[in-house]
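K.L.:
everything below, folded, please.
(chains A and B)
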Number of protein chains: 2
Amino acid sequence: MASEQSLHMNQGEGETSYARNSSIQNAVQKWMKPVVEEAVTDLKKFTNTSCSMLIADLGCSSGPNAVALASMAVDAIFRYRGLDGKVPPELWVLLNDLPDNDFGDVAKRLVAFQKDAAPNFGGHVLTAIVPGSFYKRLFISSSLHLVLASNSVQWLSEAPEDLRKNGIPMYDCDEGLRQARRSLVLQAYARQFRKDFTLFLNLRAQELVPGGQMVISLPGHCSNDSACQSNLRCDGTAFMLNDMASRQGVIDREKLDSFYLPMYDPSDQELREIIQDEGSFMINKILVHDVISDMDKISITPKMVALTVRAAFEPIIAQHFGSQGQVMEEFERTVEWHVGAGAGRPQVFASAFLCVSLKKKV
Amino acid sequence: MASEQSLHMNQGEGETSYARNSSIQNAVQKWMKPVVEEAVTDLKKFTNTSCSMLIADLGCSSGPNAVALASMAVDAIFRYRGLDGKVPPELWVLLNDLPDNDFGDVAKRLVAFQKDAAPNFGGHVLTAIVPGSFYKRLFISSSLHLVLASNSVQWLSEAPEDLRKNGIPMYDCDEGLRQARRSLVLQAYARQFRKDFTLFLNLRAQELVPGGQMVISLPGHCSNDSACQSNLRCDGTAFMLNDMASRQGVIDREKLDSFYLPMYDPSDQELREIIQDEGSFMINKILVHDVISDMDKISITPKMVALTVRAAFEPIIAQHFGSQGQVMEEFERTVEWHVGAGAGRPQVFASAFLCVSLKKKV
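P.N.:
The predicted structure is shown next:
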């Protein structure tokens, strides 16, 4: 089971850090920009009389992306307030992540952001860090105006209990068994995502003001794309670990049977259904896009892919298999080799990203 | 000049860390407890209709003390709400310190605190970290109900400009010059404290709700105690550094001339005047007490004194004199030796602590 403690990106500024290996996450944030701007414009109707606005980014991580989404929102608010000639409101930017996140880094970035933003803004831009799981209450009731989350809600609160309880691995080493249980595994993951995302929506609905907006991006796939099945990334990552177990014995095969990535990439249709069933939000829009196809192809080398996957999964892999450096070195080499080997490569990147824009019912 | 970056306590959990050398700060917090409880009782009148309360601790530092003051306030709120049989409000505990504080430690302590507090409390206890200087705006206007600060507002925003500009050292190596300039130096420090504390009061008055409470403790002295002069701690610390410069040459004497501890221990009378002149607050009470006399005498060894002073001043001393470990090792040895040498020892501890309880005018 993934404890909250193990879920964080690689810390610091080194070669394998998330700070230096998060260009895809950055591309996703840029793609979200017009949707965030629309949400801010819509918010205007609800904040005419309000002199303060609270903006939260859930799962901010660390590094240069940590402040990027919130900064985008602050810029948008500044622009429309500037056009109206109104007094700018006081803004409170609240960045959330799990307690093991690199908050030393986030604190310094927040102070720098504040220094840059305040003079342009002409008002007070205040900041805070909110440590904790977004599967619990984080903020005061009816206090938030805008909730943002990029690349975080695909992380489940835990691996599916059905699988753990019944000893069904995320990825069977035996191909026959793997095919036979594939649908069972996928359904267990889909159920866990539904449970977690329903809770996420319900908690945020308590924290948002009526009419408050929420813009979320996450890896996923298009429900019309029949070739694409969810959770390929779990399969791809487990394929790499299985290869390591069989080739070098660097990791223990038995440990692989009890390893679960607590992560699920839903389809747009799944998201729509969960949001409608939960009932607190109106859907402004749901977008699906292959963000990676927009990126500079030259930058997506096998090495870059390997480092990106390592930066995100190292803490959880190291915790499960033991924290010896050689496990992660070998993991990085294995990913790089398989990705470089060509078209039949196992998928470790999402096939698409989803962006969901919601409005809390008034 | 003390930049914001250099003002933080020693990080981590090691022998020289603030976390392990802050028993005096802990004793001060315990002394504040009844005053905090009175403030909470008074707040009751203003929060009957409110379903949320925001509590801020300014200069929380790290280690076990970081959450202690806030925890005290939450316990007090829980108790009176329990007696009234009222629905407990949602509490938001906000811990502030400068960006270089050990926020990784604070984040983990906050999450543990939340886990412990919530079941007793029966309501939501939410938490956040607010990085930044308390000589700037930190919170939304009229949002805070209770502001706490223990052992932090004696830190100035910078060393007195008059001294720096005119090249007047905090501590002249030459005793004649030191005596001649003593009053000048003290007055410059007193002016800087007045300027900073006035700003502090003004900013907090903007952030507190009308009737909101503020309880602050800081090292200081009693205005009736004619034997006691303020800023003895700066003198004592500089004496140690001067001794190091003359005996071993571990530190450069010229650098000592430009070293200022940005710190001032006021008298109760000074505090009273500044608060009245600023005008936003009513004074509930000002207490003066020799907290150290309450502590277990056996625990206050010369080694303990040396480690306590080192934990608080290491970052600022190391930054000014160069960060070689030997400077701080020698500083610790020097303090230990002089403190152990007997009654004529230079003062590195405050002679007393002040506790100020204020209420924002309605």
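
K.L.:
give the buried residues for the lowest-mean-pLDDT helix or strand in chain A.
P.N.:
Using mean pLDDT, DSSP states H and E, helix A:291-294 stands out as the lowest-scoring helix or strand of chain A, at a mean of 71. Burial within helix A:291-294, assessed by neighbour count using 16 or more other C-beta atoms under 10 Å in any protein chain shown, is assigned to A:291, A:292. In this view, the C-beta of every residue, glycine as well, is placed from N, C-alpha and C.

K.L.:
that one - contacts with which helices or strands?
P.N.:
Applying 3 or more C-beta pairs under 8 Å, 6 or more residues apart in numbering or on different chains; DSSP states H and E, one finds that helix A:291-294 contacts helix A:23-43.

K.L.:
same for the helix it packs on, what does it pack against?
P.N.:
Short answer (3+ C-beta pairs under 8 Å, 6+ apart): helix A:23-43 packs on helix A:68-84, strand A:144-150, strand A:208-220, strand A:281-289, helix A:291-294, helix A:302-321, strand A:352-360.

K.L.:
need the residues of chain A near chain B, please.
P.N.:
When proximity is defined as C-beta under 8 Å from any C-beta of the partner chain, chain A approaches chain B at A:51-52, A:54, A:90, A:92, A:94, A:99-104, A:106-108, A:110-111, A:114, A:124, A:126-132, A:137-141, A:143.

K.L.:
from these, which ones fall inside helices?
P.N.:
Members of those lying in helices (criterion: DSSP state H): A:103, A:104, A:106, A:107, A:108, A:110, A:111, A:114.

K.L.:
contact partners for the first one?
P.N.:
Taking C-beta atoms under 8 Å, 6 or more residues apart in numbering or on different chains as the contact definition, residue A:103 lies against A:62, A:97, A:129, A:131, B:103, B:104, B:106, B:107, B:129.

K.L.:
looking at it now. What's its pLDDT?
P.N.:
Residue A:103 is assigned a predicted lDDT (pLDDT) of 93.

K.L.:
cool, and the last one?
P.N.:
With respect to pLDDT, residue A:114 scores 88.

K.L.:
who are the contact partners of it?
P.N.:
Contacts of residue A:114 by C-beta under 8 Å, 6+ apart are A:125, A:126, A:127, B:132.

K.L.:
for residue B:99, see how far away it is.
P.N.:
Using C-beta to C-beta, to the nearest Å, residue A:114 is found at 10 Å from residue B:99.

K.L.:
shared neighbours of the two, which are they?
P.N.:
Going by C-beta under 8 Å, 6+ apart, residues that sit against residue A:114 and also against residue B:99 are residue B:132.

K.L.:
hang on, isn't residue A:216 packed against residue A:154?
P.N.:
No: with the criterion set as C-beta atoms under 8 Å, residue A:216 and residue A:154 do not qualify as a contacting pair; they are 10.0 Å apart.

K.L.:
any idea what residue A:92 is bridged to?
P.N.:
Bridge pairing for residue A:92 (DSSP bridges) gives the partners residue A:54, residue A:126.

K.L.:
residue A:28 reaches residue A:292, doesn't it?
P.N.:
No: in this structure residue A:28 lies outside contact range of residue A:292 using C-beta under 8 Å: 9.5 Å.

K.L.:
report the separation between the closest residue to chain B within the stretch 251-362 of chain A and residue B:286.
P.N.:
Among the residues of the stretch 251-362 of chain A, residue A:315 lies closest to chain B, at 14.0 Å counting by C-beta to the nearest C-beta. Separation of residue A:315 from residue B:286 (C-beta to C-beta): 49 Å.

K.L.:
with residue A:269 instead?
P.N.:
In this view, residue A:269 and residue B:286 are 65 Å apart by C-beta to C-beta.

K.L.:
between these two, which is the more surrounded one?
P.N.:
Between residue A:269 and residue B:286, counted using other C-beta atoms under 10 Å in any protein chain shown, the more crowded position is residue B:286 (17 against 14).

K.L.:
quick check: the more buried one touching residue B:267?
P.N.:
No: checked against C-beta under 8 Å, the pair residue B:286 and residue B:267 is beyond contact range at 10.1 Å.

K.L.:
before we move on, back to that, go through the contacts of residue A:103 and say which is closest to residue B:236.
P.N.:
residue B:106 (29.5 Å; C-beta to C-beta).

K.L.:
just to revisit the earlier point, name the residues contacting each of residue A:216 and residue A:154.
P.N.:
By C-beta under 8 Å, 6+ apart, no residue touches both residue A:216 and residue A:154.

K.L.:
related to what we said a few turns ago, tell me the buried residues within the residues of chain A next to chain B.
P.N.:
With burial judged by 16+ other C-beta under 10 Å, the buried subset of the residues of chain A next to chain B is A:52, A:54, A:90, A:92, A:94, A:99-104, A:106-108, A:110-111, A:114, A:124, A:126-132, A:137-140, A:143.
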